[in-house]
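Trainee: Compute the structure for the input listed below.
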Amino acid sequence: MHKTLKIGMIGLDTSHCIAFTKLLNDVNNEYHVPGGKVEVAFPGGSQDFELSSSRVEVYTNQLRDEFHVQIVESPEAVAESCDAILLESVDGRVHLEQFRKIAPFGKPVFVDKPFAVNGEAAKEIAALAEQYNIRLMSASALRYAEGLSEAIRQSEKGEIIGAETYGPMAIVPTQPGFFWYGIHSVEMLFTILGGNCEQVKTITNENHDVIVGLWEDGRIGTVRGNRKGNNTFGALIHREKGSDFVDVYDNPKPYYASLLEKIMVMFQEGKHDISIDDTLQIVRFLEAANESRITGKSVVL
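Mentor: Have a look, this model is predicted:
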């Protein structure tokens, strides 16, 4: 039996804070995830990012008043008094700075999306984790949507030969290009096809983006991002003997719960099915897609 971990949270400016805390702290929740409890948190917040500054006070108050989470004054205070950390700051620009502050404590860390908003920051986080021997994981919850997991497990139609994913693709000034909402659809694509994409090309207009990735084994994967029309996530998996539509909303189990189960295994046992190398590949893919979006040219990874 594992002990119940005291979990700290950094960055109270995303709905994920409430979703994760409900799943961990409420034992009566239908999809309760055992093994830990959120007990201490640092609000953070980015004043120049409206989607952060407008929510941090609301979520801070809710965590303190509804879940009796202790609110502290710094990331270091969180790291000092917990067993594991959920780094939830919605602004990917601050993840490296916050990780630098908590890394010396050596606690396992989950970094919510986006892991970082450029490759250099992502590599530095990874290097700090290695330096301090930190268990580290980052993933979009869509990676673990039950509908996607079930579709990938199917094998009656043969090997996967390609895939298409889609989702909303809002562009916000502080999170470069696809690093904001593009991360979700891209992670779904990598979950289906695996790593080792070698070339990326983006086609863009006012309402839509289409990212085309060429994998080293010849498979092609595409991501369609919508700013008009369909505002949901989904996928199409192509196999040797047919194609399957993936409805990520079909299964009643929240994908936040499925993700949190993976996080708790990482916290408790150090095991996870997405390595930091996988995460760095995804960051590079997003960077290359952004570059192609600007230049109109293919980018070799």
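
Trainee: quick one: the residue nearest the centre of the chain from residue 180, how far?
Mentor: By C-alpha atoms, centre = their mean, the mean C-alpha position of the chain lies nearest to residue 140, the distance being 2.6 Å. Distance of residue 140 to residue 180, given as C-beta to C-beta, to the nearest Å: 12 Å. In this view, the C-beta of every residue, glycine as well, is placed from N, C-alpha and C.

Trainee: Keeping just the C-alphas, turn whichever strand or helix holds residue 99 into PDB.
Mentor: Assessed by DSSP states H and E, residue 99 sits inside helix 95-102. Provided in PDB are the C-alpha atoms of helix 95-102 (Å, rounded to 0.1, in the frame of the first residue of the first chain):
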ATOM      1  CA  HIS A  95       6.900  27.300 -16.000                       C
ATOM      2  CA  LEU A  96      10.700  27.500 -16.300                       C
ATOM      3  CA  GLU A  97      11.000  30.200 -13.600                       C
ATOM      4  CA  GLN A  98       8.700  28.300 -11.200                       C
ATOM      5  CA  PHE A  99      10.400  25.000 -11.900                       C
ATOM      6  CA  ARG A 100      13.800  26.600 -11.100                       C
ATOM      7  CA  LYS A 101      12.500  27.600  -7.700                       C
ATOM      8  CA  ILE A 102      11.200  24.100  -6.800                       C
END
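
Trainee: pLDDT on that helix, on average?
Mentor: Mean pLDDT, helix 95-102: 98.

Trainee: Check which helices and strands it sits against.
Mentor: Applying 3 or more C-beta pairs under 8 Å, 6 or more residues apart in numbering; DSSP states H and E, one finds that helix 95-102 makes contact with helix 75-80, strand 84-87, strand 109-111, helix 119-131.

Trainee: That one relative to helix 119-131, how many degrees between them?
Mentor: 20 degrees (axes from the mean of the first three to the mean of the last three C-alpha atoms, to 10 degrees).

Trainee: related to what we said a few turns ago, with residue 57 as the reference, measure out to the closest residue to the residue nearest to the centre of the chain other than its chain neighbours.
Mentor: Closest residue in space to residue 140, ignoring its immediate chain neighbours: residue 187 at 4.1 Å, by C-beta to C-beta, 6 or more residues apart in numbering. Look at residue 187 and residue 57: by C-beta to C-beta, they are 30 Å apart.
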